[in-house]
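Participant: quick one, structure for this:
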Amino acid sequence: MTAKEYLHSIKIKDAIINNLQHDKEDLRDMLYSLGGTEGGDRVQNSRNNDKFGTLYARIDDKEHEITEKIDELVDFKLRVSDEINALPDSRYSAVLHKRHIQFQSWRRIAADLNYNIRYVQQLNGEGLLMFEEMYADMLKNYS
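Facilitator: Below you'll find the model as predicted:
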């Protein structure tokens, strides 16, 4: 695995959490839509209660899954941040952290660091190479 792939996995993990949160909201929307009626008399139906219970259980499961994924992401981001901060050149650390941990745009990073965009991109590339050299064994074993 390359350094770029390894650092990009933070964004992938973040996207998975966002997808799970959307799934949970969809389940909530379904739950609320079951409660409405379109006029007329409503007859209590035990199947409807089963639907409510099933949806509540699925929402609860989704919330637990989201919490678990968030905990994993926080731990991973802290570990990667420590690895980035261990790079001997602070310019590389700053760019890699802003780009791969904070998901900042090239334009934003350049403005924050008072560099032009091309130089920031060059620092990112050089920083990725240095990261790969420092953590070659770890990257080989990471899946």
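
Participant: for this protein, give me the ranges with low pLDDT.
Facilitator: In the predicted model, the chain carries pLDDT under 70 at residues 35-49, 143.

Participant: ok, and for the lengthiest helix in the chain, which residues are buried?
Facilitator: The residue-count maximum for a helix in the chain (DSSP state H) belongs to helix 46-85. Across helix 46-85, burial judged by 16 or more other C-beta atoms under 10 Å covers 55, 58-59, 62, 66, 69, 73, 77, 80-81, 83-84. Any C-beta I mention is one placed from the backbone N, CA and C, and that applies to glycine too.

Participant: what of stretch 99-115?
Facilitator: Across stretch 99-115, burial judged by 16+ other C-beta under 10 Å covers 99-101, 104, 106, 109-110, 115.

Participant: who touches N124 in this structure?
Facilitator: Shown here is N124, whose contacts under the criterion C-beta atoms under 8 Å, 6 or more residues apart in numbering are 95-96, 99.

Participant: and which of those residues is nearest I12?
Facilitator: R99 (14.8 Å; C-beta to C-beta).

Participant: related to what we said a few turns ago, can I get the contacts of N124 in TSV including secondary structure?
Facilitator: Formatted as TSV, the contacts of N124 follow (DSSP: H, G, I helix; E, B strand; the rest coil):
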residue	secondary structure
V95	helix
L96	helix
R99	helix
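
Participant: now, which of those residues sits nearest G127?
Facilitator: If you rank those by distance to G127 using C-beta to C-beta, L96 comes first, at 4.7 Å.

Participant: so that closest one makes contact with E126?
Facilitator: No. Using C-beta atoms under 8 Å, L96 makes no contact with E126, being 10.0 Å away.

Participant: for L87, grab phi and psi.
Facilitator: Main-chain dihedrals, L87, degrees, to the nearest 10: phi -60, psi 140.

Participant: rewinding a little: L96 and E126: which has the busier surroundings?
Facilitator: L96 (26 against 15; other C-beta atoms under 10 Å).

Participant: relative to V120, how far out is that one?
Facilitator: From L96 across to V120, the span is 11 Å (C-beta to C-beta, to the nearest Å).

Participant: please apply the same query to K24.
Facilitator: 37 Å.

Participant: same question, K51
Facilitator: For K51 relative to V120 (C-beta to C-beta), the value is 53 Å.
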